[in-house]
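Trainee: could you look at this predicted model? Sequence included:
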Amino acid sequence: MVVIRRDFLPENLAPLLKENGFDGCVVVQSHQSEAENDFQLSNAAQHPFIKGVVGWVDLRANNVEDRLAYYKSFDKLKGFRHVLQGESDRALMLRPHFKRGISKLNSFGYTYDILIYPDQLKFTEEFVAQFPDQPFVIDHLAKPYIKDQDLEDWKREIKAIAQFENVYCKVSGMVTEAHWHNWKKEDFTPYLEVVLEAFGPRRLMFGSDWPVCLVAASYQQVLELVEDYFATCTPAEQALIFGETAAAFYQLQDIHTSSFSTHIDNSRLMQPTTSTIRTEPELRTMKTLVCTTPGMFAYSEGEKPLAGKGRAIIKVKRVGICGTDLHAYEGTQPFFTYPRILGHELSGELVEFDEAPGFKVGEAVTFIPYYSCGSCIACRSGKPNCCSSIKVCGVHIDGGMVEYLSVPAASLVHGEGLSYDALALVEPLAIGAHAVRRAQVSAGEFVLVVGAGPIGLGIMEFARIAGAHVIALDINSGRLALCRDVLGIEHTINAATEEVAELLQAITGGDMPAVVIDATGSQKAINGAFQYMSHGARYVLVGLQKDVIQLSHPEFHKREATLMSSRNATREDFEWVIACMKRGEIDPTAYITHRVGFGKVALEFENWLDASASGIIKAIVEFE
């Protein structure tokens, strides 16, 4: 990626256009910020060969209409694009708030570039069908997997989308989807055949994808590849593909389209942060720690991963040990198989990535460790945290007890200036934040949190931030002391030594708690807490155990109570946690009681199984 790790500016592009017979170009956003709009519009104002700009606005924002109106004062701003291919919500385009923004574009005369991977084509057909008057263009043929010659699914879905006459296709970006260093022109023929038949010359437009194309081919090679294939078309058809279609689609001015020699190149001018960046390529092995069977760890050497399509590499700095890790080691974790590399609460340095707009090599990051399918009913409903085929890093697939971890680039979360320690605690705190959001906790309500482990403590924190009166229930006097003395929790009850129901009656004025949240994962604790609910209460299960939940139906029914689970967390929860940390509403260091170097985890891990004996709240593994 060294070839594109520098600035690419208009003066670099101008000679290429002139040498290859192009009158001008359209530049397309890469950063999702209005600052890039300013940068590209400034370039366009200074360089007449830039005929149009495709920018970015937040289509989900409440003020999107105002922003679209603002950009109408810039004649060269022709349309907008969102990097849908990088979103963890693969069906984002179908969400109501996103579609609301799309619905506003046509009234202002804007186009929309659809930047997706093939797995999102199934959503795109439904998406474009809802906006029959909106001009769309699919960038880069939807990035088919040319390297693998994976054709049939892409072919079927792209042809279905081509049935919509308002949808165009940009013949660009192909070389980056093939073998970079040994592609052949024949590799692209099946894909070009499909789009020519599906869209026809009137809805095809050439684009170079410069400078990203430079990782696999020169500008001239990209142009020759496309020219050679379309050489059998008539001159009029070639004129459409290499100029007239783009000029009409983007409503470009001062373009002469009377001959084939006039071309429009849909290029991209890039600032320093581009699509794929790699560092430290000389390190090809790394140390890993594998839980081979219950109660057994083994260190081994593994191959350091590379950032493939849509992936990012994190150099791990911290890993938090959570209850899932401890239960997996004990052999009591549901939905778990061995061998497995544990660890999903982590932070580190971003060292390599592909398609991660806004991120920079070297920045501190964390990530969302729940990988969803994007197509099941939960994902379609905006709940990827409970995807029907979810894969949790460190549980269903190998996790973070490695020196370098490959994650989906779309799962990255900016560190926002927080320490590695703080970032390693974002995920467990996000679980607490999600539970409080699920419970719809209101100011002034009494919230009983059963279990004062790390997850329970996080629930208490976010219930407090929501304005609730928080009651902590546990059997560990040390943890209850931390609730009182460090977190400032109003009420604590030791279930081992005190009469819980009587104290709850006294604390709540006889009402009992309006919200009960279990964070123990203990069958006994879960079943026992039903009696603590007020009439009309909500009971949220965060802790998970393997056995049957039992309750008195008459007692539950007469309360008109609500029982629900809370699973994992969403990006919204991660961002809320980070915002609270930055405002000083949560001190993540208060949770950390134990630290150990990565090389000593196997020796220390068993000592953490007995929380009472070890005094552990949160153990942090440090990587040097």
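Mentor: It's in. Residues are numbered from 1 along each chain as shown.
Trainee: all strands for the stretch 451-600 of the chain, in order.
Mentor: 469-474, 491-494, 515-518, 538-541, 562-565, 592-597 (DSSP state E, counting those that start in this stretch).
Trainee: what degree of burial does the residue nearest to residue 345 when sequence neighbours are not counted show, as a neighbour count?
Mentor: Excluding its sequence neighbours, the residue lying closest to residue 345 (Cβ to Cβ, 6 or more residues apart in numbering) is residue 320, at 3.4 Å. (C-beta placed from N, C-alpha, C; glycine too.) Close neighbours of residue 320, defined as other Cβ atoms under 10 Å, add up to 26.
Trainee: what's the spacing between residue 320 and residue 516?
Mentor: For residue 320, the distance to residue 516 equals 26 Å [Cβ to Cβ, to the nearest Å].
Trainee: most packed of the strands of the stretch 451-600 of the chain?
Mentor: The highest average neighbour count among these, using mean count of other Cβ atoms under 10 Å, belongs to strand 515-518 at a mean of 29.
Trainee: note down every partner strand of that strand and its orientation.
Mentor: strand 446-450 (parallel), strand 538-541 (parallel) (DSSP bridges).
Trainee: how far does the shortest one sit from the chain's center?
Mentor: Just to be clear, that refers to strand 538-541. For strand 538-541, the separation from the chain centroid amounts to 28 Å (computed by Cα atoms, centre = their mean, to the nearest Å).
Trainee: start at 17 instead
Mentor: Understood, numbering begins at 17; the last thing we discussed is strand 554-557.
Trainee: quick one: mean pLDDT over that strand.
Mentor: Strand 554-557 shows a mean pLDDT of 98.
Trainee: contact partners of that strand?
Mentor: For strand 554-557, the external contacting residues (Cβ atoms under 8 Å, 6 or more residues apart in numbering) are 451, 454-456, 530-534, 542, 545-546, 549, 565, 577-582.
Trainee: also the longest one?
Mentor: The contact list for strand 462-466, computed with Cβ under 8 Å, 6+ apart, reads 455, 457, 472, 475-476, 479, 484-490, 520, 523-524, 527-536, 541-542, 545, 548, 550.
Trainee: ok, now which ones touch the closest residue to residue 575 other than its chain neighbours?
Mentor: Closest residue to residue 575 apart from its sequence neighbours, by Cβ to Cβ, 6+ apart: residue 551 at 4.7 Å. By Cβ under 8 Å, 6+ apart, the residues touching residue 551 are 528, 574-577.
Trainee: what about 10 Å?
Mentor: Neighbour list for residue 551: 527-528, 530, 574-577 [criterion: Cβ atoms under 10 Å, 6 or more residues apart in numbering].
Trainee: next one: it, what pLDDT does it get?
Mentor: 98.
Trainee: please name the nearest non-neighbouring residue to residue 443.
Mentor: In space, residue 443 is closest to residue 361, 4.7 Å off (Cβ to Cβ, 6+ apart).
Trainee: so that neighbour touches residue 385, yeah?
Mentor: Yes. Counting by Cβ atoms under 10 Å, residue 361 does reach residue 385; the two are 7.9 Å apart.
Trainee: how near is the residue nearest to residue 361 to residue 420?
Mentor: Relative to residue 420, and taking Cβ to Cβ, residue 336 is found at 18 Å.
Trainee: any low-confidence regions in the protein?
Mentor: Low-confidence segments of the chain, defined by pLDDT under 70: 17-18, 269-300.
Trainee: switch to 80 and redo it
Mentor: Low-confidence segments of the chain (pLDDT under 80): 17-22, 269-300, 349-351, 640.
Trainee: tell me who's in contact with residue 65.
Mentor: When contacts are counted by Cβ under 10 Å, 6+ apart, residue 65 touches 26, 29-30, 33-34, 38-41, 281.
Trainee: so can I have CSV of those showing neighbour count?
Mentor: Compiled in CSV, the contacts of residue 65 are given as follows (neighbours: other Cβ atoms under 10 Å):
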residue, neighbour count
26, 17
29, 25
30, 15
33, 22
34, 11
38, 23
39, 21
40, 24
41, 29
281, 29
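Trainee: for the residues you listed, which two are the farthest from each other?
Mentor: 26 and 39 (14.7 Å; Cβ to Cβ).
Trainee: before we move on, back to that, list residues touching both of residue 361 and residue 385?
Mentor: Taking Cβ under 10 Å, 6+ apart as the contact rule, residue 361 and residue 385 both touch 409-410, 415-416, 443.
Trainee: out of those, who has the most neighbours?
Mentor: residue 416 (29 neighbours).
Trainee: and the gap between the spatially closest residue to residue 317 that is not a sequence neighbour and residue 615?
Mentor: The shortest distance from residue 317 to any non-neighbouring residue, by Cβ to Cβ, 6+ apart, is to residue 301 (5.3 Å). When distances are taken as Cβ to Cβ, residue 301 and residue 615 turn out to be 15 Å apart.
Trainee: more neighbours: those two, which one.
Mentor: Per other Cβ under 10 Å, whichever of residue 301 and residue 615 has more neighbours is residue 615, with 14 against 11.
Trainee: which residues touch that one?
Mentor: 303, 305, 315, 637-640 are the contacts of residue 615 under Cβ under 10 Å, 6+ apart.
Trainee: repeat that with 7 Å
Mentor: By Cβ atoms under 7 Å, 6 or more residues apart in numbering, residue 615 lies in contact with nothing.
Trainee: and it, how far is that from residue 639?
Mentor: Counting by Cβ to Cβ - residue 615 and residue 639 are separated by 9 Å.
Trainee: so residue 59 touches residue 66, yeah?
Mentor: Yes. With contact defined as Cβ atoms under 7 Å, residue 59 counts as touching residue 66 (5.8 Å).
Trainee: look at the two and report which has more neighbours.
Mentor: Remark: of residue 59 and residue 66, residue 66 carries more neighbours, 23 against 17, as counted by other Cβ under 10 Å.
Trainee: please report phi then psi for the more buried one.
Mentor: Main-chain dihedrals, residue 66, degrees, to the nearest 10: phi -80, psi 100.
Trainee: bridging residues for it?
Mentor: residue 41.
Trainee: distance of it from residue 23?
Mentor: Residue 66 is 16 Å from residue 23, by Cβ to Cβ.
Trainee: cool, and residue 163?
Mentor: To residue 23, residue 163 is 29 Å away according to Cβ to Cβ.
Trainee: over to residue 31?
Mentor: Going from residue 31 to residue 23 by Cβ to Cβ gives 16 Å.
Trainee: now swap in residue 508 and tell me
Mentor: In terms of Cβ to Cβ, residue 508 sits 58 Å off from residue 23.
Trainee: what do you get for residue 562?
Mentor: In terms of Cβ to Cβ, residue 562 sits 56 Å off from residue 23.
Trainee: with residue 553 instead?
Mentor: 59 Å.
Trainee: one more: residue 433?
Mentor: Counting by Cβ to Cβ, the gap from residue 433 to residue 23 is 25 Å.
Trainee: same deal with residue 630?
Mentor: Taken as Cβ to Cβ, the span from residue 630 to residue 23 is 53 Å.
Trainee: kindly report the same for residue 364.
Mentor: For residue 364, the distance to residue 23 - Cβ to Cβ - is 27 Å.
Trainee: same check, this time on residue 379
Mentor: In terms of Cβ to Cβ, residue 379 sits 19 Å off from residue 23.
Trainee: so these two - more neighbours on which side?
Mentor: With neighbours defined as other Cβ under 10 Å, residue 379 and residue 23 compare such that residue 379 has more, 14 against 11.
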